[in-house]
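>>> When you get a sec, could you give me coordinates for this:
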Amino acid sequence: MSGQFYAMLSRMRYIQRWALMRNTYPENISEHSMEVAMLAHALAVIGNKRLGKQLNAEKAALIGIFHDAQEIITGDMPTPIKYYNKDTQAAFKNVEEEAAEYLLSMLPEDLRTAYTPLFFEEEADAYLWRLVKAADRLSALIKCMEEEKAGNREFAGARAGVYARLAEMGLPEAEIFMKEFLPAYELTLDDLKSGHE
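Below is the predicted model of the structure:
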């Protein structure tokens, strides 16, 4: 029977991230996916406006919305475990792919093809998927910054690691975002408002 797809996606709000760490504010994959979608869209817009590219910003945002949907089935695997070694990483990638297939099987056949490219990378969209990965890391970096801003030093090491992995990607769109827009995430609400008035 198909038809459960959207109801399953609504359960993203129940899957907590950062399970191994003390959080001042818990984050679920629904919130995270929304932020990743916004950031992926921003990176594509930066690529188009600043770098003369022709990227589909709307599709980048859509991929961002669904990039962690399989975690409804698998849960959020902590990074130290997921990337422990190549065997673990490959095994978990297979589990994620099976979970994505399972979710897609909950759609009627005539709708499934519209969602498959949002769950599985197609060669034509490879650069968009890289932008979404960068947006995913930016979201993690922002989370680390917010936790540190709230006085939680638990995220200091994660912040350094995420920053390094993001820089290693060598994406000019991400570099522009980090230079121009990331510092504002350190500001308080009053600072954000007064800087604009």
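
>>> now the protein, which segments are flagged as low pLDDT?
The chain contains residues with pLDDT under 70 at 1, 77-84, 195-197.

>>> Helices of that one, residue ranges please.
5-9, 29-51, 57-66, 71-74, 79-82, 86-104, 109-119, 126-149, 156-168, 172-180, 189-194 (DSSP state H).

>>> Tell me which residues are up against the last one.
Applying Cβ atoms under 8 Å, 6 or more residues apart in numbering, the external contacts of helix 189-194 come out as residue 184. No exception for glycine: its C-beta is placed from N, CA and C like everyone else's.

>>> Buried residues, stretch 30-45. List them.
Residues of stretch 30-45 classed as buried by neighbour count (16 or more other Cβ atoms under 10 Å): 30-33, 35-45.

>>> Show me the one of the helices of the chain that comes nearest residue 22.
Of all these, helix 126-149 sits nearest to residue 22, with 8.8 Å by Cβ to Cβ.

>>> Buried residues, the closest one. List them.
Under the neighbour-count rule (16+ other Cβ under 10 Å), helix 126-149 has 127-148 buried.

>>> same question, stretch 170-179
Under the neighbour-count criterion of 16+ other Cβ under 10 Å, stretch 170-179 has 171, 173, 174, 176, 177, 178 buried.

>>> Contact partners for the closest residue to residue 171 other than its chain neighbours?
In space, and not counting its chain neighbours, residue 171 is closest to residue 134: 5.1 Å by Cβ to Cβ, 6 or more residues apart in numbering. The contact partners of residue 134, taken as Cβ under 8 Å, 6+ apart, are 39, 40, 43, 166, 169, 171, 173, 174.

>>> how about the residues you listed in CSV, adding distance to residue 123?
Formatted as CSV, these follow (distance: Cβ to Cβ, whole Å):
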residue, distance to residue 123
39, 23
40, 18
43, 20
166, 24
169, 19
171, 18
173, 20
174, 22
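
>>> for residue 48, what are its contacts?
54, 55, 57.

>>> Drop the exposed ones from those residues and show what's left.
When the contacts of residue 48 are checked for burial by 16+ other Cβ under 10 Å, the buried set is 55, 57.

>>> Residue 19: which of the contacts of residue 48 is nearest?
So of those, ranked by how close each gets to residue 19 (Cβ to Cβ), first place is residue 57, at 31.7 Å.

>>> residues in contact with the closest residue to the closest one other than its chain neighbours?
Spatial nearest neighbour of residue 57, excluding adjacent residues (Cβ to Cβ, 6+ apart): residue 44 at 3.7 Å. Listed by Cβ under 8 Å, 6+ apart, the contact partners of residue 44 are 55, 56, 57, 60, 61, 128, 131, 173.

>>> So which of those is the closest to residue 108?
Closest to residue 108, out of all of those and judged by Cβ to Cβ, is residue 61, at 24.2 Å.

>>> spatially speaking, which residue is in the middle of this protein?
What sits nearest the mean C-alpha location of the chain, by Cα atoms, centre = their mean, is residue 136, with 2.9 Å.
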